[in-house]
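1. can't give you the sequence, but here's the structure:
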């Protein structure tokens, strides 16, 4: 008798005890199917490349036989005919032929971006919309019940005729609305099944590469849209005063045509990850600049930074200098911004607003400031929704003429001037930083008047000046986040404060013990939902306090968020230890 023993190593998911089915090529983590979906939903890992585990062996697990020659294996691919072939296929002698593995790799590359969009955006938004449609069935029934009661109350005097009309119309509207909701539910379910099937075929293509190539040749890959809107439903209403004839006319002419767009609001997608002041921080040292008085994010790893002088540099998180501009206007303030095309716009030392192309090779003047102009541009911001350019202006006449905010369209034409409040009083003293909120509000950090917020039309909404005993409130850098909260640097208490969109103080997201770090500038990255905090030194802090909503949490399944990897991560639970560790990293 022989004793046979073997040692088997079963690869488990890094997050749960389930078997490994996938692997993330970016963070090298083994994933099961549920954890792979959560991995794609997480903000920090949604752009990671996840593949079937057996794909990392870089070989085909099965051999696929030629259709014309069943005993031969597919080994080549004809670029001319767009079909796989074997060594016995003689019809392609003069055609361009490549190895089947190379053809498979090329064809798969074409699907990488659609698959990334499906995993990180499309599936997530489809699930949110599906939940909204299903919950809307109950809401719509409730609204319909209220309208039904109102119609019956106002039509009771018309006796049997009106009762008959009410019964017929209500049945018709009920059936129509329920039918429409059923169609929307079915459509969303079919969309999810179709997309998941496409994803499944993509994932299984490692086993059947030739079949995958044949299928994708016949499949026309349509453009995927992150559709976050669905058609909303009707709300019936009637006037208070009417006659019997009017009631009959209204009841016979009411049609469910009030169809508006329902959108997935950011509040349904994002939430605070934890306590505002207990999130892990990352620290970076910026070369050349002496003080980080303004930051503009280009990508999650690229930022433009300016100091009090004329220096404006493009750097990455590794501290490398990629580009250097030395003609920006001197002084602290929001003197540069980045548009939706990642092009830099900045104020030069002559007061002109210039634009630098993506390739950093061309520099054009968008707004020319005359030499004898009495206005000096102080800060600039490019709207990511409209493309408009907002510029804070300060008068050369020693403040005798009130400062203002002006708006230019994408063609450089002046379209709006914001200067006075509803009572005709000047709103701005020295506008230092400017930004735009998600609701269209123009938010200005003013050196004299604190935070001044106006709506899209220029109407004053509110101003915020923090009352601090013994200190004078002075606001510096300012930005807004995905939840429409306003973040600002408060110089008097060495903190980054958070206000809601209506000016209500919510708390501090950054309250640092080391006195040598004084926050001066802010920039919110909409791609990674991290906030960059510049200081009066060349040190920049990166903080993240927003995560995606886990839609499974709504169903009672809790998920623990994984802290993102960072260059320097500090624990702020002990203020003394935090200060010591800060001084150790940056002596």
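-> Ah, there it is. Since the model is a prediction, treat every value here as computed from it, not as a measurement.
2. For the stretch 251-400 of the chain, give me the ranges with low pLDDT.
-> Low-confidence segments of the stretch 251-400 of the chain, defined by pLDDT under 70: 251-264, 274-279, 398-399.
3. swap that for the chain, please
-> 1-9, 57-62, 150-166, 215-264, 274-279, 398-399, 467-473, 511-516, 550-587.
4. Which stretches in it count as helices?
-> 33-41, 100-110, 112-117, 123-155, 159-203, 209-218, 244-253, 266-269, 551-554, 575-585 (DSSP state H).
5. can you give me the offset of the fifth one from its chain's centre?
-> The reference is to helix 159-203. Centroid displacement of helix 159-203 relative to its chain, using Cα atoms, centre = their mean, to the nearest Å, is 31 Å.
6. and what of stretch 345-364?
-> The answer for stretch 345-364 is 26 Å, by Cα atoms, centre = their mean.
7. Next: stretch 303-320.
-> 24 Å.
8. One more: stretch 15-31?
-> 26 Å.
9. which residues are contacting it?
-> 10-14, 32-36, 38-39, 45, 48-53, 56, 203, 565 (Cβ atoms under 8 Å, 6 or more residues apart in numbering). C-beta here means a position set from N, CA and C on the backbone, and glycine is covered the same way.
10. Span of that stretch from start to end?
-> 7 Å (Cα to Cα, to the nearest Å).
11. Then stretch 282-302?
-> End residues of stretch 282-302 are separated by 15 Å (Cα to Cα).
12. Pull out the buried positions in it.
-> Buried residues in stretch 282-302, counted by 16 or more other Cβ atoms under 10 Å: 282-284, 286, 289, 291-298, 300, 302.
13. State the distance from residue 446 to residue 346.
-> Separation of residue 446 from residue 346 (Cβ to Cβ, to the nearest Å): 21 Å.
14. Ok, residue 102 next?
-> 45 Å.
15. and the two? which has more neighbours close in?
-> residue 346 (25 against 11; other Cβ atoms under 10 Å).
16. Is that one bridged to anything, and to what?
-> residue 336, residue 354 (DSSP bridges).
17. Then residue 303?
-> residue 297, residue 315.
18. I'd guessed it sits against residue 534; true?
-> No. Residue 303 is not in contact with residue 534 according to Cβ atoms under 8 Å; the separation is 9.2 Å.
19. Now do the shared contacts for these two.
-> 295, 523, 540.
20. Filter these down to the ones in strands?
-> Using DSSP state E, the members of these that fall in strands are 295, 523, 540.
21. For the last one, give its distance to residue 495.
-> When Cβ to Cβ is applied, the distance between residue 540 and residue 495 equals 16 Å.
22. So for the two, which sits in the more crowded spot?
-> Each of residue 540 and residue 495 has its neighbours counted (other Cβ under 10 Å); residue 540 has more, 24 against 19.
23. which residues does that one contact?
-> 283, 284, 285, 286, 292, 295, 303, 305, 532, 533, 534.
24. Closest one to residue 456 out of the residues you listed, please.
-> residue 295 (25.3 Å; Cβ to Cβ).
25. The closest one: what's it in contact with?
-> 303, 304, 305, 477, 521, 522, 523, 532, 534, 540.
26. go with 6 Å
-> 303, 305, 521, 523, 532, 534 (Cβ atoms under 6 Å, 6 or more residues apart in numbering).
27. just residue 172 next, same as before
-> Per Cβ under 6 Å, 6+ apart, neighbours of residue 172: none.
28. Give me the distance between it and residue 179.
-> For residue 172, the distance to residue 179 - Cβ to Cβ - is 11 Å.
29. what do you get for residue 449?
-> 56 Å.
30. Pick out whichever of the two has more residues nearby.
-> residue 449 (19 against 10).
31. Next one: that one from residue 326, what distance?
-> Where residue 326 is concerned, residue 449 sits at a distance of 32 Å (Cβ to Cβ).
32. cool, residue 99 as well?
-> In terms of Cβ to Cβ, residue 99 sits 51 Å off from residue 326.
33. can you tell me which residues contact residue 435?
-> So residue 435 contacts 381, 443, 478, 479, 480 (Cβ under 6 Å, 6+ apart).
34. Farthest pair within the residues you listed?
-> 381 and 480 (10.5 Å).
35. Between the two, which has more neighbouring residues?
-> Using other Cβ under 10 Å as the criterion, residue 381 and residue 480 rank with residue 381 on top: 27 against 22.
36. Contacts only, for that one.
-> Per Cβ under 6 Å, 6+ apart, neighbours of residue 381: 337, 390, 434, 435.
37. Narrow those residues to just the buried residues.
-> 337, 390, 434, 435.
38. Spatially, what comes nearest to the second one if we skip its sequence neighbours?
-> When you say that, I think you mean residue 390. residue 381 (4.7 Å; Cβ to Cβ, 6 or more residues apart in numbering).
39. doesn't residue 106 make contact with residue 209?
-> No. Counting by Cβ atoms under 6 Å, residue 106 is not a contact partner of residue 209; they are 11.4 Å apart.
40. what's the neighbour count on the residue lying closest to residue 130 once chain neighbours are set aside?
-> Excluding the flanking residues, the one nearest residue 130 by Cβ to Cβ, 6+ apart is residue 188, at 4.5 Å. Neighbourhood size, residue 188 [other Cβ under 10 Å]: 19.
41. Would you list the phi and psi of the nearest residue to residue 211 once chain neighbours are set aside?
-> Spatially, and ignoring its direct neighbours in sequence, residue 211 is nearest to residue 64 (6.8 Å; Cβ to Cβ, 6+ apart). For residue 64, the backbone dihedrals (degrees, to the nearest 10) come out as phi -110, psi 130.
42. and residue 64, how far is that from residue 447?
-> Taken as Cβ to Cβ, the span from residue 64 to residue 447 is 70 Å.
43. Of residue 209 and residue 106, which one has the most company?
-> A count of neighbours by other Cβ under 10 Å puts residue 209 above the other of residue 209 and residue 106, at 23 against 13.
44. The more buried one: what's it in contact with?
-> Contacts of residue 209 (Cβ under 6 Å, 6+ apart): residue 104.
45. Okay, buried residues for stretch 442-451 please.
-> 442, 443, 444, 445, 446, 447, 449, 450, 451.
46. I meant stretch 422-442, not that one.
-> Under 16+ other Cβ under 10 Å, the buried positions of stretch 422-442 are 427-438, 441-442.
47. Residue 332: which of the residues you listed is nearest?
-> residue 432 (7.0 Å).
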